[in-house]
Each structure stands twice: as structure tokens, then as C-alpha cells.
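Enquirer: build me a model from this:
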Amino acid sequence: FNRAGATAAGNIARWDGAAWSALGTGMGVGFDVAVSALAVAADGTLYAGGTFTTAGGVAANHVARWNGSQWSAVGTHGTDAVVRSLAVLPTGGLALGGSFRTADQVYSPFVTLWDADGAVGTEPPPASRASLTLGPNPARGPATAWAHLT
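Expert: Next up, the predicted model:
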């Protein structure tokens, strides 16, 4: 889209509860330009992923960061194809999923991690805890176990 209400916006805009505002000059123009994923870090940094190749006039292949006043690329080369999902990790890193084969020219098909400093594939996945539930409880005869990851 190129407008949010009466405000010019290049495929991304912010609603503050009363009015729309643009995030810089947006993510470029064109029919095939779209933002398909957003994630917000604890410090307020907004990450966007999609089909775009520029963000605010800066080269940003399919993934970009908004610091509250301007867009910048994530990594040096971004990804080679569409980013469809993003998640900020507890350590400040970024997890990406999509149809790409490389992230910052590192072979990392479909899923990759960027650490908080912007290096690809160096951050281990976040730790998980598992709990086990047995039912019925108390069990007499056959029982079922469910694993819950947190």
C-alpha cells in the first residue's frame, strides 16, 4: 500500500490509537513489495521482513530494522529471497524464516539466526525447558504422556 488513511506510507505505517504515521519513506514502491513479518525487540527496535529490497532508500534485502527515526539493513547482504517470519530472541538476536537459501551470503536454507551484533548463524537457539504430564493421573493401565516445551 502507499497510503494509510490520508498519510503517505510505503508499505508500512504505525497507528498510535488516533492517527497513522509513516515510518520514514517506507519499504520501497511497486506491486511486488510487501512486508510480511514484524517483530519488536525489548529496546523498541522494529524488525520487518518481506519481499522488499530497500527500506527508507537503503538497500535492505528482505529484512530491515527501524530504530525510531530511520531504516537500516540487517547484515551486509540480507537474504536472497522472501522473509516470512521473524522473532526476537531473549538474547537480542533475530530468528528468520522464509523462502531464502542464504542469509548474508551464508547457506542457511529457510531458517537462520542473526546474533545481536548482526552475525549470521552464530547464536545458539534459545534454551528450552520441558515438563512431562502423565494422564490419567493416577494412571491404571495405559497412560499418555504429553511434553510441554517452554
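Enquirer: low-confidence bits of this protein, can you list those?
Expert: Low-confidence segments of the chain, defined by pLDDT under 70: 29-32, 116-118, 121-150.
Enquirer: and if we set it to 50?
Expert: The chain contains residues with pLDDT under 50 at 122-130, 148-150.
Enquirer: centre of the chain to stretch 101-118, how far?
Expert: Averaging C-alpha positions (C-alpha atoms, centre = their mean, to the nearest Å) puts stretch 101-118 12 Å from its chain's average.
Enquirer: ok, residues contacting stretch 66-76?
Expert: 23-24, 27, 44-48, 55-61, 63-65, 94, 103-105, 114, 118, 120 (C-beta atoms under 8 Å, 6 or more residues apart in numbering). To be clear about C-beta, it is placed using only N, CA and C from the backbone, and glycine gets the same treatment.
Enquirer: what's the first-to-last distance across it?
Expert: From its first residue to its last, stretch 66-76 covers 16 Å (C-alpha to C-alpha, to the nearest Å).
Enquirer: residue nearest the middle of this structure, spatially speaking?
Expert: The centre of the chain sits closest to residue 86, judged by C-alpha atoms, centre = their mean, with a distance of 2.1 Å.
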